[in-house]
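S.K.: what follows is a predicted structure for the sequence shown.
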Amino acid sequence: MLIGAIVLQTNVALGFEPEGDKQQEGDGKSSVGIFQIDRRNPQSAYRLSFGINFPLPNDISRALSQGINPGGDIFIHG
């Protein structure tokens, strides 16, 4: 596989507050950045879902410095 090659391009829907990067649990924003798929849920109500490795260490540090929970357990599903 070529590094940087597009293997799939599709339309997506984002959280209920799609503007800006996710800051804390429950803010309705989607995580912005480069993440890895690190798990899958074959029993998902959405046929199949894939988890991403959010929050990253810098997200955790930022949230801790603000006294908030960065959230987590983010899945791509459809």
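M.R.: Cool, got the structure. Given the structure is predicted, the values throughout are model-derived calculations rather than measurements.
S.K.: counting neighbours, which bits of stretch 63-78 end up buried?
M.R.: Residues 63, 70-71, 74-75 are the ones in stretch 63-78 that count as buried (16 or more other Cβ atoms under 10 Å). For glycine as for every other residue, the C-beta is placed from the backbone atoms N, C-alpha and C.
S.K.: how long is that stretch from one end to the other?
M.R.: Terminal residues of stretch 63-78 are spaced 29 Å apart (Cα to Cα, to the nearest Å).
S.K.: can you list the residues that contact it?
M.R.: The contact list for stretch 63-78 (Cβ atoms under 8 Å, 6 or more residues apart in numbering) reads 22-27, 31, 37, 41, 44, 46-52, 54-55, 59-60, 62.
S.K.: now with 10 Å, please.
M.R.: With contact meaning Cβ atoms under 10 Å, 6 or more residues apart in numbering, stretch 63-78 is reached by 10-13, 15, 22-27, 29-31, 35, 37, 39-41, 44-56, 58-62.
S.K.: number of nearby residues for Phe54?
M.R.: By the measure other Cβ atoms under 10 Å, the count of residues near Phe54 is 21.
S.K.: cool, Gly33 as well?
M.R.: Neighbours of Gly33 (other Cβ under 10 Å): 11.
S.K.: pLDDT weak spots in this structure?
M.R.: By pLDDT under 70, the weakly predicted segments of the chain are 1-2.
S.K.: list the contacts of Ile52.
M.R.: 31, 33-39, 72-76.
S.K.: what do you get for Asn11?
M.R.: Asn11 makes contact with Gly78, according to Cβ under 10 Å, 6+ apart.
S.K.: check which helix or strand covers it.
M.R.: Assessed by DSSP states H and E, Asn11 sits outside every helix and strand.
S.K.: repeat that for Ser65.
M.R.: helix 57-66.
S.K.: can you name the next helix or strand after that helix?
M.R.: strand 75-77.
S.K.: off-centre distance for that next one?
M.R.: 8 Å (Cα atoms, centre = their mean, to the nearest Å).
S.K.: also stretch 26-40?
M.R.: Here stretch 26-40 is found 1 Å from its chain centre; the criterion is Cα atoms, centre = their mean.
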